[in-house]
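S.K.: I need the structure of the sequence given here:
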Amino acid sequence: AARSAHAAPSQNTAMEPAASSSNGHGLGGSTTAAVGSNGGSSSNLGSSLSSSTTGAASSAGEAAGSHLTRKLQKILGGNGSGSEALGGAAGSLSEDMVAALHGLDALLGGSGGGSAGSRRARSTLRTDLEKRTLQVNDAFIAAFAQVQERLQAVDKDIREMGQSCGDMVARLGAARAETADLLQRTSSLQAESSAVQLRAEVVDAFTQRYQLTAAERAAITTDKDVTEDFFPALKRAQQIHTDCKALLRTHQQRAGLSIMESMASLQEAAYEHLFRWTQNACRGATPDSHDAASVMTRAVHALRDRPVLFKYITDELATARRNTVVRSFIDALTRGGPGGMPKPIELTSFDALRYTSDMLAWIHQCCAAERDFLASLLAKKTATQNAAPTRKRVPLDAEDEALVRSTLDLVMEGVCRPFKVRVEQALVGDPGLVVCYKIANVLHFYGQTLGELLSETAALTSLVGDLRSLAMKMFFDALNVRANGQLANVELPPADLSPSVNLETTIALLREILESYDTSLITDAIQKAELMRVLACVVDPLLQMCALSASNLGAADMATYMVNCMYRIQSALALYQFTEERVEMLDAQIQAHRDTLVHEQVRSMITKSGLLTIMLAKQAWEAEPLSSRGKLWERVSNETTSKCLGELDVFLSSLGTDHIIPQCTALLSMNIRNAVQERAKAAFLHEYEGLHAALLDGNPGSPAARRPPAQVSSLLS
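M.R.: As a prediction, this is how the structure comes out:
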């Protein structure tokens, strides 16, 4: 009965944890607490058993101990196999109890099993154990009762939560049914909003590409002065007009045509306003005022898209600048610079060369400044860089260069008339041959310089060329007049056969002209051609004058005078370029006249040496036919030969300066004088060698044998 009573609680206890274990983690926590409590009870049981069996251990037998141990293990382990949740607690209880029972078994086994105490202990041991087991089961029931209460509370909460969730699901279903139409309408409105937003973006993009902004429209349609904002707006209108061509190739042709017409109207109005503003700006534009230079440069560049308006603007600019340049030129001539510095150019009108040079220098400076101003204003490259006009030279292409040159021609055309009048007055005032020639060189230099800035057909360059031709004409006319005057009034040579004063004056004039050539910047080809013409106008009349002047002189005097005159002319020409031909020609003429002097000197030496008689006989002998003339010594006696040789000895022994003819002494050039003497001695020795050979031919005993040519040559040297 006790066993069955013990078994029933054990089964209930085993079922409750099994049922509770399916409820989750709360059951596990309660079970652990219960097992822990039972574990403490098992420990107490082991202690009680150990203490109660201490006295009876001596009477128990080994066989009875072993049998009791098996029974206890069966009782303790029989109910634990049905519940997995109590397996851990039973295992812990079994270990403690087995250890206690082993001690009990040893105690009983050691006593021999035959005492009365052992039998009594065995009879009460089962009862004690069952009681103790019942207590343990009661503790288990009490512990699991708390767990069951908690599980029931959790189950109640779960059922309430499930009911709440069901209510919520029902409400959501009802709300979904009620708001289905609203949601559908909302989705439809969102789709329409997306479409409208897309259309708005397309319209904005279209407007940005094919319409001007309010600021751009205001800038392009303003009636005020043109500013920097005008040009981006104008360019934007042009770009829209160009982009509209793409619309014409789509289904938006009507919109494209409408926008193109609108942009075309705006552009025409903008170009009209731009033209009038630029026209007014051109009238006040100067190279030194850059108040609206950048805007004006961009305005002129923008007008290039309208060729007619651009042509009007360039003409207006040229006219305005021409008037300004003329006024500035007159002010420079009469009033000078600011504050009187530099001084007025008219103050130097007494000096024709400086007067002309100052005017040309001012014109060139003004032309260079105007050219740079026009280039920076009209050139496409400068305009696209949005650069203000400056004095820095701007490289231009062919089209811009032609445009700038043609405009500059019109600008500088205004100074032609006042400049021409003043230069002609300076030339007509008889400034002199050299001054006329220097003015011509200055005009030629500035003509070339201005030709680099202006076109070939420019009025200013043509005027400078005409004025140079006029100056050269007056120069050559003056030279011809001077030459004709010299030929008409030929003077007699001076007594010392030196060049005349008229010749010296002309040579000094020629030297000034040649010095002007050396300092001029004329090209070599032009300089050489003009120099040949100048030499022909000066040197040839001089030589004619000298020849006429010496026509009444003797051969030696004439030769000396001509050599002196030619020597002075040659000395003047030899220092300058392009005179080599003329110097060589003069040298050849000097050689001819020098031969005349050599001949006269030889005749003088033959006469003074006493050989004249024999020389005359020799010349007569040589003039006869060779077959009938015989020997020279047959015609000249030995006495005559001895006498002549005696005079030769006296001549050679007293050889000095007294044997030189006066004409050679009058030669201005020491080199020519020495050359005449050397050639005269050589010619005299040559004549003596011929005479000596003729006298000794067939007459070895001739007195001429005692004076051989080598000895005469030694004495002559």
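
S.K.: list the contacts of Leu470.
M.R.: Applying C-beta atoms under 8 Å, 6 or more residues apart in numbering to Leu470 gives the contacts Glu424, Leu427. C-beta coordinates here come from the backbone N, C-alpha and C atoms, glycine included.

S.K.: at 7 Å what do you get?
M.R.: Residues near Leu470 by C-beta atoms under 7 Å, 6 or more residues apart in numbering: Leu427.

S.K.: how close does the residue lying closest to Val326 once chain neighbours are set aside sit to Ile363?
M.R.: Nearest residue to Val326, sequence neighbours excluded (C-beta to C-beta, 6 or more residues apart in numbering): Gly414, at 4.0 Å. In this view, Gly414 and Ile363 are 11 Å apart by C-beta to C-beta, to the nearest Å.

S.K.: same check, this time on Val136
M.R.: Distance of Val136 to Ile363, computed by C-beta to C-beta: 138 Å.

S.K.: correct me if wrong: Met605 contacts Ile661.
M.R.: No. Contact criterion C-beta atoms under 7 Å: Met605 and Ile661 do not qualify, at 9.0 Å.

S.K.: quick one: which of those two has more around it?
M.R.: Just comparing Met605 and Ile661: by other C-beta atoms under 10 Å the higher neighbour count belongs to Met605, 23 against 18.

S.K.: and the more buried one, what are its phi and psi?
M.R.: Main-chain dihedrals, Met605, degrees, to the nearest 10: phi -70, psi -40.

S.K.: now it, nearest residue through space, not along the chain?
M.R.: Closest to Met605 by C-beta to C-beta, 6+ apart is Phe684, at 4.8 Å.

S.K.: separation between that neighbour and Leu616?
M.R.: Separation of Phe684 from Leu616 (C-beta to C-beta): 15 Å.

S.K.: show me which of those two is the more surrounded one.
M.R.: Phe684 (23 against 11).

S.K.: remind me what the host helix or strand of the more buried one packs against, helices and strands.
M.R.: Assessed by DSSP states H and E, Phe684 sits inside helix 670-696. When contacts are defined as 3 or more C-beta pairs under 7 Å, 6 or more residues apart in numbering; DSSP states H and E, helix 670-696 sits against helix 580-608, helix 612-623, helix 662-665, helix 709-716.

S.K.: pLDDT (mean, whole number) over the shortest one?
M.R.: Right, the one you point to is helix 662-665. Mean per-residue pLDDT for helix 662-665: 86.

S.K.: check which residues of that helix are buried.
M.R.: Gln663, Cys664 (16 or more other C-beta atoms under 10 Å).

S.K.: and the first one, by the same measure?
M.R.: Neighbour counts over helix 580-608 (16+ other C-beta under 10 Å) mark 582-583, 585-586, 589-590, 593-594, 596-606, 608 as buried.

S.K.: number of nearby residues for the residue nearest to Val326?
M.R.: Neighbour count of Gly414, defined by other C-beta under 10 Å: 22.

S.K.: check Asp540 too.
M.R.: The burial count assigned to Asp540 is 12, neighbours taken as other C-beta under 10 Å.

S.K.: can you tell me what sits against stretch 471-481?
M.R.: Contacts for stretch 471-481 (C-beta under 7 Å, 6+ apart): Leu427, Leu433, Cys436, Tyr437, Ile439, Ala440, Leu443, Cys537, Val538.

S.K.: check stretch 205-219 too.
M.R.: With C-beta under 7 Å, 6+ apart as the test, stretch 205-219 has contacts from Asp229, Phe230, Ala233, Arg236, Ala237, Ile240, Asp243, Cys244, Ile259.

S.K.: how far out from the middle of the chain is it?
M.R.: Centroid displacement of stretch 205-219 relative to its chain, using C-alpha atoms, centre = their mean, to the nearest Å, is 37 Å.

S.K.: ends of that stretch, what's the gap?
M.R.: One end of stretch 205-219 to the other measures 22 Å (C-alpha to C-alpha, to the nearest Å).

S.K.: cool, and stretch 283-297?
M.R.: Using C-alpha to C-alpha, the two ends of stretch 283-297 sit 14 Å apart.
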